[in-house]
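[1] I need the structure of the sequence given here:
(one chain, ligands or ions: 2)
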Amino acid sequence: MSNPAQPTSPQAFPAQRPTTTAEPLNVLLVGAGGREHALALKLCSSPRMGTLFATDLSNPGIAALAKPLDIPFDLKDPFRLQRWCINNRISLAVIGPEEPLCAGLADILGADTKGGGGGLGGAVPYVFGPSKEAAQLEGDKAFAKDVMRAGKVPTAESRTFTDHQAARRYLESRTEPHVIKAAGLAKGKGVIVPATQAQALEALDYIMLKRPFGAASDKVVIEEKLKGKEVSVLALCDGRTIYVLEPCQDHKRLSDGAKGPNTGGMGALCPTPAITDKLLDTVQRDILVPTIDALKRDGIDYKGVLYAGIMLTPGGPKVLEFNCRFGDPEAQALLARWDSDLLTDLVACADRRLDTVELKWKPGASVCLVIAAPGYPDAPVKNLTIEGLDEAAATEGVTIIHAGTARTSDHKLVTAGGRVLNVVATGDIPEHARQRAYAAAKKIRLPGMILRSDIGTDVIG
Ligand SMILES: Nc1ncnc2c1ncn2[C@@H]1O[C@H](COP(=O)(O)OP(=O)(O)O)[C@@H](O)[C@H]1O
Ligand SMILES: [Mg+2]
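    Ligands and ions are numbered 1, 2, ... in the order given. So this is what the prediction gives:
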């Protein structure tokens, strides 16, 4: 596969701001899932790492690497965190999940403060993650549709509704069942892909009348159902340069053969052979660049990860959705192959100097398996004892990531969430990575654990 990570910007090399390259950088990590544990591991391998602080140490993997804040972390009081960052000389803030980004945490941490933050202008000189406005690409699916329309970005035909009756009339006038999407953040549960028109109407009533997602159901996007293979294309963007990362396959369904309910993701493969280099170029040229440009025309600069969920339709790649952060579990697979210094790369991105770094990838492939607790996704069982992690981690090429685990007072490891662990493996080819990952996963003992057996194969979904 040719290196897709070519900066696209024709613009001039920006003036370099003073950096503290000689000094170790203190980093604040926001988020507590598998994605953040993988980010923490990779950041801590950097020779430039000072102290890693994390807003949430409930994840034992993160707790082993990071120091706690000495204040409670509350998204409702972001200015307290801002002051804390100044006092603790935080140079880089890495915001993992979508909620704090959509709430505007990147803006507040990066905001200018009188006399604050290492002399580089903002409270935190380098904030990795988009602004509140830019994060609407994920936080408001109707906004994303408007941006795509403005940028002539290929995506499913859609209409947005706030009125239930009008939405129903529109849906009834369609001949094919359409996809119903709550426009706001709904933790991956706000989209219903119906098989029949009756199911589509039921989904609409459920989202708009029952309002299971609260304000996230105020607006609903009704869109044409697309057919094809689904891939995840992630890019680093700094407002002027786009660096496309290796494409990933996310396995979203709970069970083998892409059966069962939708989940947050049961595994990932990087790179995925499902998308050719040529199609990846098309995604960059026809989707990523015009999206960033359309935002720019509205005065919005996109900095951070832009994640495009893409359907490879017979009519070419089309956008299913955008996310404003690394995917989970795609991040785990991507970071296993990330061969350049992540800390340097994220600082360069936050500092609009992406064109000065070269991202390097370990050759071969990586596979991330998700081990979920019994009962996932509806009612995952908590407090089940997990054993065998050390044996699993001793497998060559394997890293174990904590996603939803906790330590009891007597130091036992137990389940504390739906997706419990990630087993990440690299290999020369996907099959080697798969074999290593499954060999390691076999050593993990968790009663009733859910693990798909076809992650990293050519099963799509
Ligand atoms: N227009 C569409 N046609 C067919 N499938 C879709 C469409 N939109 C979404 N999907 C399916 O539903 C899943 C979830 O939708 P998505 O827009 O990614 O929302 P979210 O991740 O916020 O739940 C997608 O991964 C895809 O499998
Ligand atoms: Mg999605």
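
[2] Residue 457 reaches residue 437, doesn't it?
    No - counting by Cβ atoms under 8 Å, residue 457 sits too far from residue 437 to count as a contact (11.9 Å). (Each C-beta comes from the backbone N, C-alpha and C, glycine too.)

[3] the more surrounded of those two?
    When neighbours are counted by other Cβ atoms under 10 Å, residue 457 and residue 437 differ, and residue 437 comes out ahead with 29 against 18.

[4] List the contacts of the more buried one.
    The contact partners of residue 437, taken as Cβ atoms under 8 Å, 6 or more residues apart in numbering, are 367-369, 398, 423-425, 455-456.

[5] and residue 327, helix, strand or coil?
    State at residue 327, reduced to three classes by DSSP: H, G, I helix; E, B strand; the rest coil: coil.

[6] what about it, how many neighbours?
    Quick note: residue 327 (other Cβ under 10 Å) scores 21 neighbours.

[7] so what's the residue in the stretch 51-200 of the chain positioned nearest to ligand 2 up against?
    Using Cβ to the ion, the single residue of the stretch 51-200 of the chain nearest to ligand 2 is residue 188, 6.4 Å away. Contacts for residue 188 (Cβ under 8 Å, 6+ apart) come out as 262-264.

[8] Pick the one among the residues you listed closest to ligand 1.
    Here the nearest of the contacts of residue 188 to ligand 1, counting by Cβ to the nearest ligand atom, is residue 262; it sits at 6.2 Å.

[9] check contacts around that closest one.
    188-189, 191, 252-254, 377.

[10] One more pass at 6 Å, please.
    Residue 262 makes contacts with residue 252, as judged by Cβ atoms under 6 Å, 6 or more residues apart in numbering.

[11] what secondary structure does it sit in?
    At residue 262 the chain is in strand, as set by three-state DSSP.

[12] For the helix ranked longest in the chain, buried residues please.
    For the chain, the longest helix by residue count, based on DSSP state H, is helix 430-442. By 16 or more other Cβ atoms under 10 Å, the buried positions in helix 430-442 come out as 430, 432-441.

[13] Please work out the average pLDDT along it.
    The average pLDDT for helix 430-442 rounds to 98.

[14] and that helix, how far out from the chain's middle?
    On the basis of Cα atoms, centre = their mean, to the nearest Å, helix 430-442 sits 23 Å off its chain's mean C-alpha point.

[15] Low-confidence bits of this protein, can you list those?
    Counting by pLDDT under 70, the chain shows low-confidence ranges at 1-22, 114-121.

[16] about what we covered before: turn the contacts of residue 188 into CSV, columns for distance to ligand 2.
    What follows is the contacts of residue 188, written out as CSV (distance: Cβ to the ion, whole Å):
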residue, distance to ligand 2
262, 9
263, 11
264, 9
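
[17] All good on my end, thank you.
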